[in-house]
Every structure is written in C-alpha cells, then in structure tokens.
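K.L.:
Could you work out the structure for the sequence below:
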Amino acid sequence: MSEYQKIIPIANKILKNHELCDHCLGRLFSKRLHLSSNKLLGQKLKKNFKSSQKCFICKNLFDNLNYFLKIMIDSTSNYSYRTFSVGATIKPSIVDRDDYVRSQYKLMGIDSIKSDITKELGKSFSKKTKKIVDFLDPEINFIINFKDESCKLRSKSITLSGRYVKILRGITQKQKPCMNCNGKGCRTCLFHGISEFDSIEGIISQYLFKKFGGTTTKFTWIGGEDKSSLVLGTGRPFFVKIQNPNRRKSKPISINLNSLKLTNLKVIDEFPKKPVKFTSSIEIKISSKNTIDSKYLKKLKHLVNTPVVVYDKSGKRSEKQIFSVNYKKHSLHNFSLFLKVEGGLPIRRFIEGGDIVPEISKLLNCECRCDEFDFHEIEVMK
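P.N.:
Numbering: from 1, shown residues only. So this is what the prediction gives:
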C-alpha cells in the first residue's frame with residue numbers, strides 16, 4: 001500500500017467531522033508525502049466531498065490572501081530591495097483549532113498554519129515582484145496582522161562610512177535628542193529621534209534622510225572636536241547606521257552642505273568590529289596671563305615619544321602618544337602649538353591640566369589657556 005493510500009482513510013475521517021479548505025487539508029499530509037503544494041493535495045483528497053461551509057481551521061483565510069498581497073506590494077512602492085521575508089500575526093482561535101485537529105488525529109511533524117500562510121504569501125509576492133525570499137537575512141521584512149488587517153514593514157539597516165570637513169566655527173558635533181522621546185523616535189520628531197538639525201550629526205542626518213529615507217541614525221565618530229574647532233584637510237572619518245532606509249545603494253557621494261563638506265560617503269557591509277585607531281594633526285592657540293618663557297617652550301620638543309597618561313573619572317588610566325611637536329610664538333603671552341598625536345588625547349586638559357600627565361601649563365611653568373584648536377588632518381592607522 002502506498003503512502004498516499006494510507007492517508008486517504010485519515011483524510012476522509014477528518015472531512016466527515018470537519019469542513020477544511022484545500023490548503024488546511026493538504027498541509028496535514030504534504031510533508032508525509034514530500035509534496036510542495038498543499039492546495040493541490042487538498043483538492044485531490046477532497047474530490048469526493050462537496051464544500052458548503054467555511055474551513056473549520058482558518059475560516060477561509062486563504063481566500064483573502066490577495067488582499068494582503070496588494071497591501072504588501074503597495075507598502076514597498078518607495079523601497080529598493082532585493083530580498084524579503086514574511087511574518088504573520090493570526091488570531092489565537094485559528095491556532096487553537098489547528099492544534100486541536102492535529103492532536104485529535106495524531107498528526108505529527110506538520111507545518112503550522114502560520115507557516116503555511118507566510119509561505120503562500122511569500123510565494124505569491126515573489127512571483128509578482130521577482131524578489132527573493134530570504135528568511136535568514138532579508139532586506140525587507142513584512143509582518144502581516146490578520147487580526148486588524150494591517151501590514152508593518154521593516155527595512156534592514158544600512159551602514160555608511162565617510163568624512164566631513166567643517167569650515168565654519170560654532171557647530172557642535174552631536175545633536176541633542178528630541179525632548180519628547182529622548183531620542184527613541186516619536187511623531188513629534190517624525191521618528192528621527194532628533195527634532196533639530198543644527199549640529200554635524202543633524203546636518204548629515206538630514207541629508208541622509210532625504211537621500212536614503214529611514215527613521216533614525218546612529219553615528220560612530222572617529223574622535224571629536226570643540227564647537228569652535230575647524231576640521232580641515234581630508235576631514236574627520238565617521239560611520240553611520242540608518243534604520244529602516246528606503247534606498248539601499250548609492251555611488252560614493254561627495255557634497256557641500258553649507259558649513260560642511262561630505263566626502264567619499266558610501267555604503268559598507270558593517271560597522272568596524274574593533275575601535276578604529278587614528279592620529280590627529282592639530283593646531284592649538286594658547287595664551288597665558290604670565291609671560292611665556294622661550295626656554296620652557298624648547299622643552300616641549302621632549303614630548304615626542306613621551307607617553308601622556310590620561311585618567312578618566314573612574315581613575316582608569318590610558319596612554320596617548322605624541323609623534324611630533326612644533327610651536328610658533330606670537331607674543332609674550334601667546335603661541336601656537338602644532339601636534340601630531342594619537343587619537344583620543346583630551347586637548348583642553350592637556351593644555352590647562354586636570355588628571356593628565358604631563359600637562360603644558362606645568363611644563364611652561366605658567367597657567368595656560370587653550371583658546372581654540374583646529375584639526376588639519378586625521379589619519380586612520382592601519
């Protein structure tokens with residue numbers, strides 16, 4: 001007796017007690033027969049039965065899948081993507097009835113009705129759009145809610161790298177979060193997490209939202225600068241992740257955004273897994289109420305290859321290297337210091353003092369003030 005002949009009595013017994021649609025009936029036996037189409041198997045098993053009532057398990061939910069297919073297609077009209085997956089939320093009563101039938105007739109190793117619904121929607125959507133189903137790492141994920149007949153779409157985040165040149169003083173690097181949601185994203189800030197765009201982060205984010213769509217951005221900065229600092233040369237490197245983007249691809253971008261210039265902005269595979277090491281070439285303008293003695297300025301050359309020990313608030317220490325030192329005296333009370341240093345050296349503390357050894361004020365034997373500092377070049381260490 002073939003496997004198909006073995007299941008016929010079971011299928012007939014089920015159909016005598018419960019009205020089932022082609023999809024639900026076929027699903028109960030398709031794996032056992034190694035068949036891919038639940039609907040065709042169900043039709044074959046039901047050829048001697050007439051259907052007059054709604055399916056006991058799904059209440060003819062499968063007859064309404066085209067409605068949800070249209071919602072899915074409409075919701076992706078502004079998205080570019082290649083792969084997708086489908087998830088579903090269905091009424092608990094449907095799951096309960098499905099479990100009851102499988103238990104009542106001792107049917108094991110069967111796909112759930114939820115899996116079958118998402119599989120059918122995936123097949124139909126793929127056929128219509130020529131997109132590829134990918135349940136492991138999809139670019140677009142649909143969650144179909146059959147309770148309220150809605151569709152939620154989530155787009156996989158994208159990561160970009162680039163550099164910015166800052167040519168105008170008075171702009172902070174980081175943007176304050178939206179006061180209403182504290183950066184989580186709400187209707188007030190259009191789900192961006194920020195409601196203003198007057199910082200480096202804000203200006204870049206505003207451009208990215210226009211270019212790629214998306215809800216929120218998350219930046220990883222390669223160092224930072226003061227509000228009054230300039231960032232010159234090839235600019236400061238950064239990485240940014242865009243949540244729920246509409247577009248996923250772009251050629252490398254270089255663009256002027258008024259006070260900023262973005263260069264080599266491009267989509268990359270992922271954030272760096274390790275902290276990025278870098279060096280900064282910095283010009284620091286320093287002043288002092290006391291006379292700056294030239295003989296002490298000469299001692300600054302000894303800073304080269306001398307570790308600078310930095311203590312954080314918890315008392316943890318770290319060491320930063322200085323690779324080159326030059327200075328230019330402007331008057332008895334002012335001079336400029338030119339440093340090439342390991343990234344992460346707190347410049348103001350290094351000049352004025354505060355849990356850092358050595359410090360410029362003590363080396364020059366006078367109280368120094370850091371008036372401003374600019375970055376002439378930032379190089380990533382390989």
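K.L.:
Can you tell me the element Glu283 falls in?
P.N.:
With elements taken from DSSP states H and E, the one containing Glu283 is strand 278-288.
K.L.:
Contacts made by that strand with the rest, please.
P.N.:
Defining contact as Cβ atoms under 8 Å, 6 or more residues apart in numbering, one finds that strand 278-288 is touched by 222-223, 233, 237, 323, 333-343, 345, 347, 351, 360, 364, 366-381. Every residue, glycine included, has its C-beta placed from N, CA and C.
K.L.:
Go again with 7 Å.
P.N.:
Contact with strand 278-288 is made by 222-223, 323, 333-343, 347, 351, 366-381, as judged by Cβ atoms under 7 Å, 6 or more residues apart in numbering.
K.L.:
Heading C-terminal from the helix or strand where Phe209 lies, find the next helix or strand.
P.N.:
Counting by DSSP H and E, the element that carries Phe209 is helix 200-212. Scanning forward in sequence from helix 200-212 by DSSP H and E, the next helix or strand is strand 217-221.
K.L.:
can you pull out the helices in this protein?
P.N.:
Secondary structure of the chain (DSSP state H): helices at 3-17, 22-27, 30-33, 38-45, 65-75, 92-104, 113-129, 200-212, 294-297, 347-352, 360-363.
K.L.:
from those helices, which stretch is densest packed?
P.N.:
Most buried of the helices of the chain, by mean neighbour count (mean count of other Cβ atoms under 10 Å): helix 22-27, with a mean of 25.
K.L.:
Who are the packing partners of that one?
P.N.:
Under the contact definition 3 or more Cβ pairs under 7 Å, 6 or more residues apart in numbering; DSSP states H and E, helix 22-27 sits against helix 38-45, helix 113-129.
K.L.:
how about these in a markdown table, adding distance to Phe29?
P.N.:
Listed next are those as a markdown table, based on distance: least, Cβ to Cβ, whole Å:
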| stretch | distance to Phe29 |
| --- | --- |
| helix 38-45 | 6 |
| helix 113-129 | 13 |
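K.L.:
Tabulate the ones you listed in JSON lines, adding columns for mean pLDDT and distance to Asn264.
P.N.:
As requested, the helices and strands packed on helix 22-27 are exported to JSON lines (pLDDT from 0 to 100; distance: least, Cβ to Cβ, whole Å):
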{"stretch": "helix 38-45", "mean pLDDT": "92", "distance to Asn264": "51"}
{"stretch": "helix 113-129", "mean pLDDT": "94", "distance to Asn264": "33"}
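K.L.:
Lys114 is in contact with Ile90, correct?
P.N.:
Yes - counting by Cβ atoms under 7 Å, Ile90 touches Lys114, with 5.7 Å between them.
K.L.:
So for these two, which residues contact both of them?
P.N.:
With Cβ under 7 Å, 6+ apart, Ile90 and Lys114 have no common neighbours.
K.L.:
Just the pLDDT for Asp355.
P.N.:
According to the prediction, Asp355 has pLDDT 89.
K.L.:
which residues does it contact?
P.N.:
So Asp355 contacts Tyr311 (Cβ under 7 Å, 6+ apart).
K.L.:
Equivalent analysis for Ile90, please.
P.N.:
Contact analysis of Ile90 by Cβ under 7 Å, 6+ apart lists 114, 117, 146.
K.L.:
Could you verify my assumption that the last one touches Val86?
P.N.:
Pointing back at Phe146 there. No - contact criterion Cβ under 7 Å: Phe146 and Val86 do not qualify, at 11.9 Å.
K.L.:
who has more neighbours, those two?
P.N.:
Comparing Phe146 with Val86 by other Cβ atoms under 10 Å, the one with more neighbours is Val86, at 25 against 18.
K.L.:
Who are the contact partners of the more buried one?
P.N.:
Shown in contact with Val86 (Cβ under 7 Å, 6+ apart): 118, 121-122, 142, 144.
K.L.:
if you set the cut-off to 8 Å instead, what comes out?
P.N.:
72, 118, 121-122, 125, 133, 141-142, 144.
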